[in-house]
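S.K.: Have a look at this fold, sequence not included:
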Ligand code: PLP
(Lines give C-alpha, C1' and ligand atoms only; values in the text may rest on other atoms or scores of the structure.)
Protein backbone atom coordinates (compact mmCIF):
# COMPACT_ATOMS: atom_id res chain seq x y z
CA UNK A 1 0.00 0.00 0.00
CA UNK A 2 2.02 2.90 -1.31
CA UNK A 3 -0.15 5.51 0.42
CA UNK A 4 0.93 4.27 3.84
CA UNK A 5 4.41 5.73 3.45
CA UNK A 6 4.51 8.98 5.49
CA UNK A 7 4.21 11.96 3.19
CA UNK A 8 4.67 15.64 4.04
CA UNK A 9 4.46 18.88 2.11
CA UNK A 10 6.53 22.05 2.15
CA UNK A 11 4.97 25.26 0.84
CA UNK A 12 7.87 27.69 0.51
CA UNK A 13 10.59 29.32 -1.56
CA UNK A 14 13.57 27.77 -3.30
CA UNK A 15 17.21 28.55 -2.51
CA UNK A 16 19.46 28.21 -5.57
CA UNK A 17 22.42 27.81 -3.20
CA UNK A 18 20.78 24.70 -1.74
CA UNK A 19 21.07 25.64 1.94
CA UNK A 20 17.70 26.99 3.07
CA UNK A 21 14.06 27.00 1.98
CA UNK A 22 12.71 24.07 -0.02
CA UNK A 23 16.08 22.30 -0.42
CA UNK A 24 16.60 22.32 3.36
CA UNK A 25 13.04 21.07 3.91
CA UNK A 26 13.35 18.25 1.38
CA UNK A 27 16.71 17.07 2.74
CA UNK A 28 15.45 17.19 6.31
CA UNK A 29 12.27 15.26 5.57
CA UNK A 30 14.24 12.68 3.60
CA UNK A 31 16.61 12.23 6.56
CA UNK A 32 13.62 11.70 8.85
CA UNK A 33 12.26 8.95 6.58
CA UNK A 34 9.40 11.00 5.19
CA UNK A 35 8.54 11.49 1.53
CA UNK A 36 8.33 15.19 0.69
CA UNK A 37 6.26 17.07 -1.86
CA UNK A 38 6.55 20.81 -2.50
CA UNK A 39 4.56 23.82 -3.55
CA UNK A 40 7.02 26.40 -4.88
CA UNK A 41 5.69 29.82 -3.85
CA UNK A 42 8.74 31.84 -4.91
CA UNK A 43 12.12 31.31 -6.53
CA UNK A 44 15.21 32.95 -5.09
CA UNK A 45 18.61 33.59 -6.61
CA UNK A 46 20.67 32.92 -3.52
CA UNK A 47 23.95 31.51 -2.24
CA UNK A 48 25.78 31.29 1.08
CA UNK A 49 26.56 35.04 0.82
CA UNK A 50 22.95 36.17 0.63
CA UNK A 51 19.82 36.57 -1.47
CA UNK A 52 20.48 38.25 -4.81
CA UNK A 53 16.92 38.22 -6.19
CA UNK A 54 13.46 36.78 -5.61
CA UNK A 55 10.56 36.05 -7.94
CA UNK A 56 7.07 35.03 -6.81
CA UNK A 57 5.18 32.27 -8.63
CA UNK A 58 1.95 33.14 -10.47
CA UNK A 59 -1.13 32.45 -8.32
CA UNK A 60 -2.49 30.04 -10.92
CA UNK A 61 0.61 27.89 -10.69
CA UNK A 62 0.36 27.83 -6.90
CA UNK A 63 -3.26 26.62 -7.19
CA UNK A 64 -2.21 24.02 -9.73
CA UNK A 65 0.61 22.67 -7.58
CA UNK A 66 -1.78 22.22 -4.65
CA UNK A 67 -4.32 20.51 -6.95
CA UNK A 68 -1.69 18.15 -8.38
CA UNK A 69 -0.47 17.13 -4.94
CA UNK A 70 -3.90 16.82 -3.31
CA UNK A 71 -5.29 14.69 -6.14
CA UNK A 72 -2.53 12.12 -5.89
CA UNK A 73 -0.58 12.06 -2.63
CA UNK A 74 -1.76 11.48 0.92
CA UNK A 75 -0.13 14.36 2.79
CA UNK A 76 -0.11 13.82 6.56
CA UNK A 77 1.43 17.14 7.62
CA UNK A 78 2.53 20.33 5.89
CA UNK A 79 4.61 23.41 6.59
CA UNK A 80 4.92 26.90 5.22
CA UNK A 81 8.18 28.84 4.82
CA UNK A 82 8.89 31.85 2.58
CA UNK A 83 5.56 33.17 1.26
CA UNK A 84 6.83 36.34 -0.51
CA UNK A 85 3.85 38.72 -0.48
CA UNK A 86 0.16 39.22 0.23
CA UNK A 87 -1.03 37.70 -3.07
CA UNK A 88 0.93 34.51 -2.35
CA UNK A 89 -0.14 34.35 1.32
CA UNK A 90 -3.81 34.61 0.27
CA UNK A 91 -3.31 31.91 -2.37
CA UNK A 92 -1.73 29.58 0.20
CA UNK A 93 -4.52 30.22 2.74
CA UNK A 94 -7.16 29.52 0.08
CA UNK A 95 -5.56 26.20 -0.80
CA UNK A 96 -4.94 25.13 2.79
CA UNK A 97 -8.67 25.63 3.42
CA UNK A 98 -9.62 23.74 0.26
CA UNK A 99 -7.58 20.58 0.81
CA UNK A 100 -6.99 18.36 3.81
CA UNK A 101 -3.21 18.32 4.16
CA UNK A 102 -2.99 17.39 7.84
CA UNK A 103 -1.56 19.46 10.70
CA UNK A 104 -0.01 22.76 9.58
CA UNK A 105 3.35 23.98 10.86
CA UNK A 106 3.96 27.67 10.10
CA UNK A 107 7.51 29.01 10.00
CA UNK A 108 6.64 32.71 9.59
CA UNK A 109 9.73 33.54 7.55
CA UNK A 110 10.18 37.30 7.09
CA UNK A 111 13.83 38.32 6.64
CA UNK A 112 16.88 36.24 5.68
CA UNK A 113 19.96 36.48 7.90
CA UNK A 114 21.67 38.75 5.34
CA UNK A 115 18.74 41.19 5.56
CA UNK A 116 16.80 40.30 2.39
CA UNK A 117 13.02 40.50 2.76
CA UNK A 118 11.33 37.18 2.12
CA UNK A 119 7.86 38.54 3.03
CA UNK A 120 6.60 41.98 2.05
CA UNK A 121 5.54 44.31 4.88
CA UNK A 122 1.89 44.43 3.79
CA UNK A 123 1.70 40.62 3.98
CA UNK A 124 2.54 40.45 7.71
CA UNK A 125 -1.01 41.39 8.78
CA UNK A 126 -2.43 38.76 6.40
CA UNK A 127 -0.15 36.09 7.85
CA UNK A 128 -1.29 37.14 11.35
CA UNK A 129 -5.03 37.36 10.59
CA UNK A 130 -5.59 34.67 7.96
CA UNK A 131 -2.76 32.11 8.09
CA UNK A 132 -1.89 31.98 11.79
CA UNK A 133 -5.39 30.81 12.87
CA UNK A 134 -4.84 27.66 10.76
CA UNK A 135 -1.62 26.74 12.59
CA UNK A 136 -1.24 23.54 14.55
CA UNK A 137 2.20 24.94 15.42
CA UNK A 138 3.85 28.27 14.69
CA UNK A 139 7.65 28.60 15.04
CA UNK A 140 8.62 32.30 15.08
CA UNK A 141 12.00 33.64 16.12
CA UNK A 142 12.04 36.75 18.30
CA UNK A 143 11.90 39.38 15.51
CA UNK A 144 9.04 37.49 13.84
CA UNK A 145 7.13 37.16 17.11
CA UNK A 146 7.58 40.94 17.66
CA UNK A 147 6.12 41.65 14.22
CA UNK A 148 3.17 39.30 14.69
CA UNK A 149 2.23 40.46 18.21
CA UNK A 150 3.42 44.07 18.38
CA UNK A 151 5.24 43.16 21.62
CA UNK A 152 8.77 44.52 21.95
CA UNK A 153 10.42 41.34 23.24
CA UNK A 154 13.33 42.05 25.58
CA UNK A 155 13.31 39.21 28.11
CA UNK A 156 11.78 35.87 29.06
CA UNK A 157 8.62 37.50 30.44
CA UNK A 158 8.04 39.16 27.06
CA UNK A 159 8.67 35.87 25.24
CA UNK A 160 5.96 34.21 27.34
CA UNK A 161 3.57 37.08 26.81
CA UNK A 162 4.11 37.00 23.04
CA UNK A 163 3.53 33.24 22.88
CA UNK A 164 0.23 33.61 24.74
CA UNK A 165 -0.75 36.42 22.38
CA UNK A 166 -0.06 34.17 19.37
CA UNK A 167 -2.21 31.47 20.93
CA UNK A 168 -4.98 33.98 21.54
CA UNK A 169 -4.80 34.83 17.86
CA UNK A 170 -5.51 31.22 16.95
CA UNK A 171 -2.29 29.18 16.70
CA UNK A 172 -2.71 25.97 18.74
CA UNK A 173 0.92 25.40 19.76
CA UNK A 174 3.80 27.86 19.82
CA UNK A 175 7.55 27.31 19.60
CA UNK A 176 9.12 30.71 20.16
CA UNK A 177 12.80 30.43 19.26
CA UNK A 178 14.97 32.60 21.50
CA UNK A 179 18.20 32.22 19.48
CA UNK A 180 17.98 35.84 18.29
CA UNK A 181 17.95 37.33 21.81
CA UNK A 182 20.64 39.96 22.24
CA UNK A 183 23.55 39.48 24.66
CA UNK A 184 22.60 35.94 25.53
CA UNK A 185 25.02 33.03 25.74
CA UNK A 186 22.06 30.70 25.85
CA UNK A 187 19.32 29.98 23.35
CA UNK A 188 16.08 29.95 25.35
CA UNK A 189 13.19 28.48 23.42
CA UNK A 190 9.70 28.67 24.89
CA UNK A 191 7.01 26.14 24.05
CA UNK A 192 3.35 26.78 24.75
CA UNK A 193 1.12 23.77 24.15
CA UNK A 194 -2.51 23.67 23.10
CA UNK A 195 -3.63 22.54 26.57
CA UNK A 196 -1.91 25.50 28.27
CA UNK A 197 1.13 23.55 29.49
CA UNK A 198 4.42 25.19 28.73
CA UNK A 199 8.17 24.62 28.98
CA UNK A 200 11.53 26.25 28.38
CA UNK A 201 14.29 24.57 26.39
CA UNK A 202 17.70 26.01 27.13
CA UNK A 203 20.81 25.20 25.11
CA UNK A 204 24.23 26.87 24.93
CA UNK A 205 24.64 29.13 21.90
CA UNK A 206 26.74 27.42 19.21
CA UNK A 207 29.40 29.73 17.83
CA UNK A 208 29.47 28.97 14.10
CA UNK A 209 28.91 30.47 10.66
CA UNK A 210 26.86 27.46 9.61
CA UNK A 211 23.42 28.73 10.52
CA UNK A 212 21.87 29.24 7.08
CA UNK A 213 18.53 27.46 6.99
CA UNK A 214 18.17 26.62 10.69
CA UNK A 215 14.54 27.82 10.92
CA UNK A 216 13.58 25.82 7.85
CA UNK A 217 15.34 22.73 9.14
CA UNK A 218 13.73 22.63 12.59
CA UNK A 219 10.23 23.27 11.21
CA UNK A 220 10.72 20.67 8.46
CA UNK A 221 11.93 18.12 11.01
CA UNK A 222 8.92 18.76 13.26
CA UNK A 223 6.59 18.47 10.24
CA UNK A 224 8.18 15.15 9.25
CA UNK A 225 7.88 13.76 12.77
CA UNK A 226 4.21 14.83 12.97
CA UNK A 227 3.65 13.12 9.58
CA UNK A 228 5.02 9.91 11.17
CA UNK A 229 2.50 10.22 14.00
CA UNK A 230 4.62 11.62 16.82
CA UNK A 231 3.08 13.89 19.44
CA UNK A 232 3.75 17.63 19.26
CA UNK A 233 6.09 17.45 22.26
CA UNK A 234 8.08 14.54 20.84
CA UNK A 235 8.28 16.17 17.41
CA UNK A 236 9.59 19.46 18.85
CA UNK A 237 12.21 17.67 20.98
CA UNK A 238 13.44 15.68 17.98
CA UNK A 239 13.46 18.87 15.88
CA UNK A 240 15.57 20.67 18.45
CA UNK A 241 18.13 17.85 18.74
CA UNK A 242 18.29 17.39 14.98
CA UNK A 243 18.89 21.06 14.18
CA UNK A 244 21.61 21.29 16.86
CA UNK A 245 23.42 18.36 15.23
CA UNK A 246 23.08 19.86 11.73
CA UNK A 247 24.58 23.15 12.99
CA UNK A 248 27.45 21.44 14.87
CA UNK A 249 28.39 19.37 11.83
CA UNK A 250 27.85 22.20 9.31
CA UNK A 251 29.46 21.79 5.90
CA UNK A 252 32.13 24.19 4.66
CA UNK A 253 30.98 25.06 1.16
CA UNK A 254 30.64 28.53 -0.31
CA UNK A 255 32.13 31.78 0.98
CA UNK A 256 29.48 32.95 3.42
CA UNK A 257 27.16 31.37 5.92
CA UNK A 258 27.86 27.78 5.06
CA UNK A 259 24.98 25.36 5.14
CA UNK A 260 23.96 22.88 7.77
CA UNK A 261 24.81 19.23 7.45
CA UNK A 262 21.45 17.50 7.09
CA UNK A 263 23.21 14.14 6.85
CA UNK A 264 23.43 13.58 10.60
N1 LIG B 1 15.73 31.57 1.71
C2 LIG B 1 14.59 30.91 1.76
C3 LIG B 1 13.90 30.55 0.48
C4 LIG B 1 14.04 30.57 3.00
O5 LIG B 1 12.87 29.93 3.07
C6 LIG B 1 14.70 30.90 4.18
C7 LIG B 1 14.15 30.47 5.42
O8 LIG B 1 13.95 31.07 6.38
C9 LIG B 1 15.88 31.64 4.09
C10 LIG B 1 16.37 31.94 2.86
C11 LIG B 1 16.55 32.12 5.33
O12 LIG B 1 17.82 31.74 5.40
P13 LIG B 1 18.68 32.15 6.69
O14 LIG B 1 18.60 30.96 7.59
O15 LIG B 1 20.03 32.40 6.15
O16 LIG B 1 18.04 33.35 7.28
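M.R.: Here it is on my side, so go on. This structure is a prediction, so every number in the text was calculated from the model and none was measured.
S.K.: For residue 191, what is the enclosing helix or strand?
M.R.: Assessed by DSSP states H and E, residue 191 sits inside strand 186-192.
S.K.: Averaged pLDDT, that strand. What do you get?
M.R.: Strand 186-192 shows a mean pLDDT of 92.
S.K.: Just name whatever secondary elements that strand is in contact with.
M.R.: For strand 186-192, the packing partners by 3 or more CB pairs under 8 Å, 6 or more residues apart in numbering; DSSP states H and E come out as helix 156-168, strand 173-176, strand 198-204, helix 232-248. Heads up, the C-betas are built off the backbone N, CA and C, glycines and all.
S.K.: rerun that using 7 Å as the cut-off
M.R.: helix 156-168, strand 173-176, strand 198-204 (3 or more CB pairs under 7 Å, 6 or more residues apart in numbering; DSSP states H and E).
S.K.: Looking at the ones you listed, which is nearest to the ligand?
M.R.: Counting by CB to the nearest ligand atom, the ligand lies closest to strand 173-176 out of the helices and strands packed on strand 186-192; the figure is 14.5 Å.
S.K.: Name the residues that touch the closest one?
M.R.: Strand 173-176 is contacted from outside by 136-140, 145, 159, 162-163, 166-167, 189-194, 232, 236, using CB atoms under 7 Å, 6 or more residues apart in numbering.
S.K.: Pairing partners for that strand, with directions?
M.R.: strand 137-138 (parallel), strand 186-192 (antiparallel) (DSSP bridges).
S.K.: Could you give the average pLDDT over the first one?
M.R.: What it means is strand 137-138. Mean predicted confidence for strand 137-138 is 99.
S.K.: Tell me if it is near the ligand.
M.R.: No - counting by CB under 6 Å from any ligand atom, the ligand has no neighbours in strand 137-138; the shortest distance is 13.9 Å.
S.K.: Can you name the residues that contact the residue nearest the centre of the chain?
M.R.: Nearest to the geometric centre of the chain sits residue 107, at 2.9 Å (CA atoms, centre = their mean). Counting by CB under 7 Å, 6+ apart, residue 107 makes contact with 79-81, 139, 215-216, 219.
S.K.: Identify the residue spatially nearest to it, adjacent ones excluded.
M.R.: Nearest non-adjacent residue to residue 107, counting by CB to CB, 6 or more residues apart in numbering: residue 219, 3.9 Å away.
S.K.: one step back: how about the contacts of residue 107, which pair is most distant?
M.R.: 80 and 215 (11.6 Å; CB to CB).
S.K.: These two: which has the busier surroundings?
M.R.: Between residue 80 and residue 215, counting by other CB atoms under 10 Å, residue 80 is the more crowded of the two (28 against 24).
S.K.: Who are the contact partners of the more buried one?
M.R.: 11-12, 92, 106-107.
S.K.: same thing with residue 6?
M.R.: By CB under 7 Å, 6+ apart, the contact list for residue 6 reads 34-35, 76, 227-228.
S.K.: Could you check how far whatever residue of the chain ends up closest to the ligand is from residue 201?
M.R.: Going by CB to the nearest ligand atom, the ligand is nearest to residue 21 of the chain, at 2.7 Å. Distance, residue 21 to residue 201, using CB to CB, to the nearest Å: 25 Å.
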